[in-house]
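> my questions are about this predicted structure, shown below with the sequence.
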Amino acid sequence: MDSLQHKIEGLVDSILADYRNGRDIDQMDISKHPDRDVVVALIDKLRRIVFPGYFRDKNYHIYNAKHNLSMLIEDVMFNLSGQIALVLQGSGMSESEAKEKAEQLAAQFLEQIPQIRAMVDTDLQAAYDGDPAATGKDEIVFSYPGLYAIVVYRLAHGLYEMGVPMLPRMMTEHAHNKTGIDIHPGATVGKFFFIDHGTGIVIGETTVIGDNVKIYQGVTLGALSTRGGQSLRGVRRHPTIEDDVTIYAGASILGGETVIGKGCVIGSNAFITRSIAPGTTVSIKNQELQFKTRIKPEQLTIISSDPE
């Protein structure tokens, strides 16, 4: 036991010494970093505001909308401003300046909630209209990962547009982890947006998506190359998808100069790096299937049709 304790103490001393190397991963001051658990809790509370009858606190047997919303808004305001203040301090702002600025930003964000809800309502309608398997909108709100990812994106995008650092990306990456759908908060997405199934979808930071767009699982709206690294920050790298476009499973559309015109249909597994004229259907031609059997003909069982 003594030898084990001695070994543990040696390991602790060794790792602590490694922490003193002054690298980015050696930061020990957690006071200027946001709390991931608080950010995730904020997502849940914001969803309760967006969908007041779906995710409300069941501890209240009598639901008073004004009373409950007042408490919820106060809670979100306090925690959101606190997290914004932390990331502002982390970017070099003083504690007092960060607190004042954070309260202003949190209030401005909450003022956007009616506009965000209006967009989410169109997304819900698009999901219902676009999926014959949907038995009702309640089912979509409670169970569709695509709608969850879109709602989190719309909330995060509001913060992103206001210049709030880090938190928007933490929010959309939580949705990515939960649903397998990766929408960067910097992307611009129009109304009536529908993600069907969704797993494996990637929508890059500078993507622009119009109205009434439908995307299936495995679609990538990405960059042609990111070899330039940080020198490409702020440069348009991702495609534009105009109104009324459908993109089927596994398609990849890449490049900042690539525009998919209004009303296009992009077939499964298409790989596109140039613009497509409006009203065009793109599909892969003559995809060859090969079949190989490991069973020798003499090993096959012949089933007779002669009844005996």
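Now that the structure is in, tell me what you want to look at.
> so who does Arg220 touch?
Careful, residue 220 is Thr; it's not Arg. 201-202, 251-254 (CB atoms under 8 Å, 6 or more residues apart in numbering). For the C-beta atoms, the positions are set from N, CA and C on the backbone; glycine is no exception.
> out of those residues, flag the one nearest to Phe193.
The shortest gap between Phe193 and any of these belongs to Ile201, at 11.5 Å (CB to CB).
> grab the nearest non-local neighbour of Gly190.
Asp211 (4.0 Å; CB to CB, 6 or more residues apart in numbering).
> contacting residues around that neighbour?
Counting by CB under 8 Å, 6+ apart, Asp211 has contacts 190-193, 243-244.
> name the member of those residues with the most neighbours.
Phe193 (25 neighbours; other CB atoms under 10 Å).
> and for the closest residue to that residue other than its chain neighbours, the neighbour number?
Spatially, and ignoring its direct neighbours in sequence, Phe193 is nearest to Asp123 (5.2 Å; CB to CB, 6+ apart). Neighbour count for Asp123, taken as other CB under 10 Å: 23.
> return the set of buried residues in the helix or strand hosting Asp123.
Using DSSP states H and E, Asp123 sits within helix 113-130. For helix 113-130, a neighbour-count test (16 or more other CB atoms under 10 Å) marks 113, 116, 119-120, 122-124, 126-128 as buried.
> how close does Gly228 get to Val235?
8 Å (CB to CB, to the nearest Å).
> sorry, wrong one. I was asking about Thr207.
From Thr207 to Val235 the distance is 13 Å (CB to CB).
> neighbour count: those two, which is higher?
Remark: of Thr207 and Val235, Thr207 carries more neighbours, 24 against 10, as counted by other CB under 10 Å.
> got the phi and psi for Leu167?
Main-chain dihedrals, Leu167, degrees, to the nearest 10: phi -60, psi -40.
> for it, give me its contacts.
So Leu167 contacts 34, 39, 83-84, 87, 156, 159 (CB under 8 Å, 6+ apart).
> if we use 6 Å, what do you get?
Taking CB atoms under 6 Å, 6 or more residues apart in numbering, we find Leu167 in contact with 83, 159.
> any idea how far Ile84 is from it?
Noted for Leu167: a distance of 7 Å to Ile84, by CB to CB.
> now swap in Ile183 and tell me
21 Å.
> likewise for Arg169?
Distance from Arg169 to Ile84, by CB to CB: 14 Å.
> and if you look at Gly279?
44 Å.
> dump the contacts of Asp211 to CSV, plus secondary structure and pLDDT.
Formatted as CSV, the contacts of Asp211 follow (DSSP: H, G, I helix; E, B strand; the rest coil; pLDDT from 0 to 100):
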residue, secondary structure, pLDDT
Gly190, coil, 98
Lys191, coil, 98
Phe192, coil, 98
Phe193, coil, 98
Asp243, coil, 98
Asp244, coil, 98
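> so where's this protein shaky on pLDDT?
For the chain, the stretches with pLDDT under 70 are 1, 56-63, 226, 231, 297-298, 300-308.
> break it into its domains for me.
27-186, 187-284 (automatic domain parsing).
> just grab the bridge partners of Val259 for me.
Thr240 (DSSP bridges).
> I figured it hits Thr240, correct?
Yes. If you go by CB atoms under 6 Å, Val259 and Thr240 touch, sitting 4.6 Å apart.
> before we move on, the earlier item: as JSON lines, the domains of the chain with distance to Lys296 would be great.
Formatted as JSON lines, the domains of the chain follow (distance: least, CB to CB, whole Å):
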{"stretch": "domain 27-186", "distance to Lys296": "42"}
{"stretch": "domain 187-284", "distance to Lys296": "34"}
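> the stretch 201-308 of the chain: strands as residue ranges?
Secondary structure of the stretch 201-308 of the chain, counting by DSSP state E, counting those that start in this stretch: strands at 202-203, 208-209, 214-216, 220-222, 240-241, 246-247, 252-254, 259-260, 265-266, 271-272, 281-282.
> so which residues make contact with the second one?
This means strand 208-209. Outside strand 208-209, the residues touching it (CB under 6 Å, 6+ apart) are 188-190, 240-241.
> and the last one, by the same measure?
The set of residues that contact strand 281-282 without belonging to it, under CB under 6 Å, 6+ apart, is 265-267, 270.
> which of those residues has the most neighbours?
Neighbour tally across the contacts of strand 281-282 (other CB under 10 Å): the maximum, 24 neighbours, falls on Ile266.
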